[in-house]
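1. structural data only, the sequence is not supplied:
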């Protein structure tokens, strides 16, 4: 398993300003990713090196926003001012994670403005409300991964998080030290667990975004 992407939440009214600001900082343009009809959200994405990408997502006026774990979590984050939402682990076999946490993955899909469709399964968003340093898990079912949309010129140097190492290791069923891009500041209080910032490298420059 490896890191797939990082997710940042903005309100629907502010998402244009957010993607412009982050895009300028990291030197990578965002493209319209389309609407997630199952979740009541929409996103914009920018490809990164190492088969990764960054997503800026917002809630939309849609029934699913208040009926799915992802929609609810994104809306709550937007209402609290937005910011870093999650880091995401890509797995080739999400069924193993389903068995381990005893819950089925949710199907996700979106159609990009060019008409191409992306499909995936995701699992673990429900836990983010209490453990903000936890990742959730995704298995891609389509080959047109967002990291391939444009030529990637930027990479993630570090995803800076604080929270309980023991709880995180149990959640990912591995030692977090195996994920070199994750920089963990130990904090036993789960109420204060979160992504504090993400550091990117672009043309030899390091940019930390909180």
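-> Perfect, I can see it now. These figures come from a predicted structure and were not determined experimentally.

2. test my guess that residue 199 contacts residue 207.
-> Yes - counting by CB atoms under 8 Å, residue 199 touches residue 207, with 6.9 Å between them. C-betas here are computed from N, CA, C, even on glycine.

3. neighbours of residue 75, just the number please.
-> Using other CB atoms under 10 Å, residue 75 has 21 other residues around it.

4. helix, strand or coil: sort out it for me.
-> Here residue 75 is helix, with the state taken from DSSP: H, G, I helix; E, B strand; the rest coil.

5. need the contact list for the nearest residue to it once chain neighbours are set aside.
-> The shortest distance from residue 75 to any non-neighbouring residue, by CB to CB, 6 or more residues apart in numbering, is to residue 59 (4.1 Å). By CB atoms under 8 Å, 6 or more residues apart in numbering, the contact list for residue 59 reads 11, 12, 40, 41, 65, 71, 74, 75, 78.

6. just list whatever residues bridge to the fourth one.
-> Beta bridges link residue 41 to residue 36, residue 59 when assigned by DSSP bridges.

7. point out the least confident one among the contacts of residue 59.
-> Least confident of the contacts of residue 59 in the model: residue 65, at 87.

8. that one contacts residue 71, correct?
-> Yes - between residue 65 and residue 71 there is a contact under CB under 8 Å: 4.0 Å.

9. okay, these two: which has more neighbours?
-> Neighbours around residue 65 and residue 71, counted as other CB under 10 Å, are more numerous at residue 71. The numbers are 22 against 19.

10. and that one, what does it touch?
-> So residue 71 contacts 39, 40, 41, 59, 62, 64, 65 (CB under 8 Å, 6+ apart).

11. hmm, residue 48 and residue 155 touching each other?
-> Yes - assessed by CB under 8 Å, residue 155 is found in contact with residue 48 at 5.8 Å.
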